[in-house]
Every structure is written in structure tokens, then in C-alpha cells.
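**Q** Structure of the sequence below:
(one chain, ligands or ions: 3)
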Amino acid sequence: MESDVGFESSVWVCRKRYRAVLTGWHFKWTELDKNNRDKKTVLVPVSEVIGVEQGRLQILPRKSVEDTEKDFTVFYVNRSTSGGSLWQLGRIQFTCLSRTLRDQWTEHLRTALKTHGPLRPHKLLVFINPFGGKKKGRQIYHSVVAPVFELAGISSHVIVTERAHQARDYLLKKNLTGFDGVVCVGGDGMFSELLHGLIGRTQQEAGLCENDPAVTLQPCPLHIGIIPAGSTDCVCYATVGVIDPLTSALHIVIGDSQPLDVCSVHHASAIVRYSVSLLGYGFYGDVLAESEKHRWMGPLRYDISGSLVYLRNRSYAAKVEYLPADPLLSSPRDKTRCLSGCRVCSRSTERLFPNHSDSSSLSSSRFSQTSTDSEGEWVTVEGRFRCVALTCMSSSCARSPLGLSPSAHLADGTGDLILVWDTHPLGFLKFLYRHTSTEDQFDLPFVEVHRVKAVRFSLPKVSEEQKQEEFSELRGADEVESGYLDNGSQQSLLQRDTRHQETDEQKTFLCGLCCNKTAASVWNCDGEILSFKEILCKVHAQLVCLYARGIEEAAIRNCI
Ligand SMILES: CCCCCCCCCCCCC/C=C/[C@@H](O)[C@H](COP(=O)(O)O)NC(=O)CCCCC
Ligand SMILES: Nc1ncnc2c1ncn2[C@@H]1O[C@H](COP(=O)(O)OP(=O)(O)O)[C@@H](O)[C@H]1O
Ligand SMILES: [Ca+2]
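**A** Ligands and ions are numbered 1, 2, ... in the order given. Predicted coordinates:
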């Protein structure tokens, strides 16, 4: 029966009578008892209907089709009964009184999907890293994701990568016309390839210079989808709340949109990388450098490397300068969490993009930033640190369910700078351990956290006496311990005639490598090693958009 507000009729599910109703925004079906009284109702927003097919159809775990005359099957987002952010593919088969009614139902539902899914992708470019995580990327895509995309009428162009940086290079150079979004099946490293390809491409096309940290970069027009199949999968975890390929595929299909802050990393007036999760020096850099030697172990490599690096008990001298964000807007210690529909992020959108009207679809191509922020005053700290980390989001992951900075925001235009001053080994262990629980890792006397817009990092100047002292120690040392030079290079530097007079530069280099006090670490930039000792980082608000919606606080159940 058609009405002004929608369509409704009696339908049957497993021989039980139901009333199905399609209104402007919802599709619901209510079981009726013998006296026509309502029993249980299932209510699904039209925006969460995945697809409608005639007949009886099943797609997961295997496809089966029965082309019956009076039946139609509806697939929808079904939130897990155990709560949390896990989504399942709900499926219901209805039988109508006639074939005509069945045709009407499928037509109305499909029209509703078109009306309520303007951001749903039609064509996607998919990159699969066959070597990410437990090397299951291909299997995950073909068994879970592809059937859901097909059901939703999405056509995908799939590329299984054959080398690192293939996805980035493709996005930088190839024709992307017709694609609504780009999907990676892999870990944070794969996501980072997409990030670099899309940001680089967008700036090239806009004629903007990425090297200049003062330039307001152009947001990327294509959405990014992440199917988690990596080792840490932090970006997926922090934006969806769960590592589950099906949940991520469903967010992509319904065209969810989550903007993301991105930090640009510059060295010597040139852009070197972009980062969204962890830009970490000291412990985090050392763990990554160590883990690269054990890549064959898969995700376990980080646990082994973490333990080894912890036992090395290192700290590093550094000078850190930062530009604080407005403390009246939010604080990394305010115990809030950035959840789906976050008010801090929405307010930031209004402040940073005043021309922007619809805060629920923050698609980048539709507005441009007109920053009115005055720069503010830089703050400088100098000393020895266990680690220095900058993160634009909470960076939660399975290892750390609340993340590096639990109150950080995905899209507020700021990052959280975490300074862990040198401390005794047990103190540092406490700091690390608190990442795995709900205890506050910032509530320790040797830890500082600041919400910032930009950071400058450099090594402090080493005095002549210090250099000389350390150099003499080095000369006397029997062994040189360094993770960042291969044995051959260390030998060639060290097996020189002892009468040879080293240059100042050589002394500094050797001290930097070999002695505890002046040794340097490397950067962990979203899982990629950066060896620059002097960098400038700038947070760019909402530079990319993901097919996600942020973490849903409590599962909103379909049943009422
Ligand atoms: C005693 C318990 C120790 C627990 C340590 C807790 C610290 C965990 C913080 C994790 C933050 C993760 C941020 C994300 C980083 C990823 O970009 C990066 C690359 O990921 P992938 O491409 O998937 O391999 N992962 C890491 O650098 C792992 C860091 C592990 C640090 C211990
Ligand atoms: N075919 C390939 N061969 C080798 N390396 C690849 C390939 N495809 C992608 N990569 C690289 O592998 C790195 C790790 O990939 P990722 O999917 O993040 O897995 P993991 O989470 O296990 O590190 C990425 O930085 C990416 O550049
Ligand atoms: Ca942020």
C-alpha cells in the first residue's frame, strides 16, 4: 500500500505474518500475533540498508540463490548483540502475497537507497597488499569484502601490489576519473601509501607546494576505505572501533564519512612524510627499527622488538618546540573521548571551515579552509627523553585499546604531543603498561602531554668538551653498539689508523652513533622509519576523509 510517507504491506517471514513499513528514513518490520497485535519490531535506517534482491539470496559465507516468485531479500547493517562497534550483515527474507507486490517492494526500497545514500560509492579502486599482517589480504578481500561490494552494486578495480609504494605511485600518476574512493586491504603502512598518493595528487592538481608548512593544503576529494589486514591496524581501530573486515566493508558500502587530521613532516624546507597516527622518536623509533629485522614474524615482531628495546634502557637528548592549541577548546587530559558525532570535532569544523554547512558529511571537496587562527607563542623544552610522540588521533589499537592519547580527536585540527622524560626503567615500564589498561598514562611525574598545532624537533647542540669526552670514551670502547649502521659501515668507520686525526664532523657522527649520552634515535612515522634529526611538523585539519564514522559509543540496537 502506497502512502505519502512511504509504502507498507503485510509480508511473511518463515510463515509468520509481519507488517513491513518503509517511511522516508526507515524500513521496519513488525511481527503480528493472531489478533493482529504488534509483537517485536526491527527498525533499520534506510541509510543502513545494504541491498535488496528478488528471490531468496545468501551471500556469506557462501553465495546461494533461489529465484522464487514472491520473495525478496533485504540485507542491512546489524549491530552485534555483544555491543561494541562490530557490525554484521543482517539478512531477512520476505514473502509477499503476489509477484506484483514483491516487485513494488524491491523498487521502493531501491529508490529509497538512492535517495538516502548520496555518498555511497559506485566505483572503487582497491589495493591489496598480499604480504601485510598475516598475509591474508587476498583471502579477506575475496571471501568477505568482494561479495558485499557486489551486493551493493559497487564495481571495483582491484590491484594486488607487487612492490612497496606501488599504490602510492598509482595514485600519483594514473587516471582516477570515475572512482569515488580508494580502498586498501592491509595495515597502517598500506593506508599510509594511499594517504601519500592522494594528498600528493590533490596538491599537484591544485598547484600547491607541499614543502611549505605554512600553505593550507587542499583536502582530498576521494574517500579512503581501510579493510584491516595488517599488523597494528591502528587507523582502522581508532576510526571504526574494531578490527573486522566485514564491519569496515559495510562502512564503505553505506558511504560513511569521517574526516581525519593529518600531520605534515618537513625537513630542510622539504616535505618528507605525512602522518596520522604515530610520529614517535626514541622508544617507538627503536622498536620499529628493531622490528624490521623480524618482519617474518608478522604482527608478533612488535612484541618481541618492544621487549628487546625496553631492555636496552635508552634515553635520548632532544630539543622540542611546540605551538599549543587553544586550551579553551579541549585538552588531552579532559577525559573525553572522540566518538561518532564528536562535538569537539563538529565545533572545530564550524570554526575552521565557516562556509561549511552540513557537519554530517564532511567531504573535503565541498569546502575550503579559511583559517583565522593567530599562530600563538612557541614553547621550548630541552632534555633527555625516553620517547617523544605526536599523534593526530587517539591511535588506539588492540595493543592499547584507549590509545597513545585517549582524549585526542580525529578531526579537530590538533595533535597531542607526548613527552616522556628520562626515568628509571620501572617508571617507564609503568608508563608503557598503562597503555594496555584504563589507567591514565599521563598521570606520571615524568610524562607531559600538550595539545598542539605544530612541533619543531632537533638535537641539542653538543659542547666541544662533551664531544671530546665522549669521543675519548669511544676510543677506549671495545664494542660499538648501534642499531642503525650495518656492521660493514661501523667497521670501516672504526677500523681507522688511531693516529689519524678525525674531523669535527666525524667525531660528532661517531659520538652520535656510539655513545649513550649523545646517541640519536630514528622516527617511527606511521610504521615507516625516518632518520632526520631535525623536523618540523604541522597539523592540517581534516585533510582526508575515511569511509568510517568514528567509534560508536554504545551499540544502537535494531530491535525495539
Ligand atoms: C608492557 C606493555 C607494552 C605496551 C606498549 C603500548 C604502546 C602501544 C602504542 C601503540 C601505538 C600504535 C600506533 C600505530 C603505529 C603504526 O603505524 C605502526 C605500523 O603499523 P603496521 O603498518 O600495521 O605494521 N605500528 C607500530 O609502530 C607498532 C608500535 C608498537 C610499539 C610497542
Ligand atoms: N607487494 C608488496 N611487497 C612488499 N611490500 C609491500 C607490498 N605492498 C605493499 N608493501 C609495503 O609493505 C608495508 C607494510 O604493509 P602493511 O599492509 O602496512 O602491513 P603490516 O601492517 O604488516 O606492516 C607497507 O609500508 C607497504 O609499502
Ligand atoms: Ca586531531
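**Q** residue ranges of the strands in the stretch 201-350 of the chain, please?
**A** Here the stretch 201-350 of the chain has its strands, by DSSP state E, counting those that start in this stretch, at 223-228, 258-267, 270-275, 279-282, 316-324.
**Q** Figure out how far the third one is from the centre of its chain.
**A** The chain centroid and the centroid of strand 270-275 are separated by 17 Å under C-alpha atoms, centre = their mean, to the nearest Å.
**Q** remind me which residues of the stretch 451-560 of the chain are low pLDDT?
**A** Within the stretch 451-560 of the chain, the segments meeting pLDDT under 70 span 467, 470-518, 554-560.
**Q** What residue in it comes nearest to ligand 1?
**A** The nearest approach of the stretch 451-560 of the chain to ligand 1 comes at Gly527, 2.5 Å away (C-beta to the nearest ligand atom). Bear in mind the C-beta positions are built from the backbone N, C-alpha and C, glycine included.
**Q** That residue touches Gly189, doesn't it?
**A** Yes - checked against C-beta atoms under 8 Å, the pair Gly527 and Gly189 is within contact range at 4.7 Å.
**Q** Give me the domain ranges for this structure.
**A** Using automatic domain parsing, the domain parsing of the chain gives 7-116, 123-365+377-457+537-546.
**Q** Enumerate the residues of the stretch 301-450 of the chain near ligand 1.
**A** Contacts of the stretch 301-450 of the chain with ligand 1, taken as C-beta under 6 Å from any ligand atom, map to 302, 306, 395, 397, 399-400, 404, 432-433, 435-436.
**Q** I'd like to know how many residues surround Lys40.
**A** Neighbourhood size, Lys40 [other C-beta atoms under 10 Å]: 10.
**Q** give the contact list for the residue of the stretch 451-560 of the chain closest to ligand 1.
**A** 187-189, 192, 232, 278, 288 (C-beta atoms under 8 Å, 6 or more residues apart in numbering).
**Q** Roughly how far does it sit from Ser275?
**A** Going from Gly527 to Ser275 by C-beta to C-beta, to the nearest Å gives 10 Å.
**Q** what do you get for Pro221?
**A** Distance, Pro221 to Ser275, by C-beta to C-beta: 21 Å.
**Q** Tell me which of these two has more neighbours.
**A** More neighbours surround Ser275 than the other of Pro221 and Ser275, with 26 against 19 (other C-beta under 10 Å).
**Q** Any chance of a markdown table for the strands of the stretch 201-350 of the chain, columns distance to ligand 3?
**A** Putting those into a markdown table (distance: least, C-beta to the ion, whole Å) gives the following:
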| stretch | distance to ligand 3 |
| --- | --- |
| strand 223-228 | 16 |
| strand 258-267 | 4 |
| strand 270-275 | 12 |
| strand 279-282 | 12 |
| strand 316-324 | 14 |
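**Q** I'd like those as JSON lines, with mean pLDDT and distance to Asn36 appended.
**A** Putting these into JSON lines (pLDDT from 0 to 100; distance: least, C-beta to C-beta, whole Å) gives the following:
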{"stretch": "strand 223-228", "mean pLDDT": "98", "distance to Asn36": "44"}
{"stretch": "strand 258-267", "mean pLDDT": "98", "distance to Asn36": "43"}
{"stretch": "strand 270-275", "mean pLDDT": "98", "distance to Asn36": "60"}
{"stretch": "strand 279-282", "mean pLDDT": "98", "distance to Asn36": "62"}
{"stretch": "strand 316-324", "mean pLDDT": "98", "distance to Asn36": "64"}
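**Q** Would you mind giving these as a markdown table with distance to Glu534 added?
**A** Shown next, in a markdown table, are those (distance: least, C-beta to C-beta, whole Å):
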| stretch | distance to Glu534 |
| --- | --- |
| strand 223-228 | 30 |
| strand 258-267 | 6 |
| strand 270-275 | 11 |
| strand 279-282 | 12 |
| strand 316-324 | 9 |
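**Q** mind checking which of those strands is nearest Arg17?
**A** Of all those, strand 223-228 sits nearest to Arg17, with 39.6 Å by C-beta to C-beta.
**Q** With just CA atoms, put the closest one into CSV.
**A** Output of strand 223-228 as CSV, limited to C-alpha atoms (Å, rounded to 0.1, in the frame of the first residue of the first chain):
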residue,chain,number,x,y,z
HIS,A,223,37.4,8.9,0.3
ILE,A,224,39.7,6.2,1.7
GLY,A,225,38.4,2.9,2.9
ILE,A,226,40.5,0.6,5.1
ILE,A,227,40.0,-3.2,5.1
PRO,A,228,42.2,-4.2,8.1
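**Q** What are the buried residues along that strand?
**A** For strand 223-228, burial by neighbour count (16 or more other C-beta atoms under 10 Å) applies to 223-228.
**Q** The residue nearest to Asp169 when sequence neighbours are not counted - how many residues pack around it?
**A** If the residues on either side of it in the chain are set aside, Asp169 comes closest to Gly197, at 7.2 Å by C-beta to C-beta, 6 or more residues apart in numbering. Residues lying near Gly197 (other C-beta under 10 Å) number 26.
**Q** Quick check: Gly197 vs Val13, distance?
**A** Distance, Gly197 to Val13, using C-beta to C-beta: 46 Å.
**Q** repeat for Arg102
**A** 14 Å.
**Q** The two - which one has more neighbours?
**A** Using other C-beta under 10 Å, the more surrounded residue of Arg102 and Val13 is Arg102, with 22 against 15.
**Q** so who does the more buried one touch?
**A** Going by C-beta under 8 Å, 6+ apart, Arg102 touches 54, 69-72, 96.
**Q** Can you name the helix or strand that Phe27 falls in?
**A** Element membership of Phe27, judged by DSSP states H and E, is strand 26-32.
**Q** got the CA coordinates for that strand in PDB?
**A** Extracted in PDB, the C-alpha atoms of strand 26-32 (Å, rounded to 0.1, in the frame of the first residue of the first chain):
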ATOM      1  CA  HIS A  26      13.400   3.900   8.000                       C
ATOM      2  CA  PHE A  27      12.400   0.400   6.900                       C
ATOM      3  CA  LYS A  28      10.800  -1.600   9.700                       C
ATOM      4  CA  TRP A  29       9.000  -4.900  10.000                       C
ATOM      5  CA  THR A  30       6.800  -5.900  12.900                       C
ATOM      6  CA  GLU A  31       5.700  -9.400  13.800                       C
ATOM      7  CA  LEU A  32       1.900  -9.600  14.400                       C
END
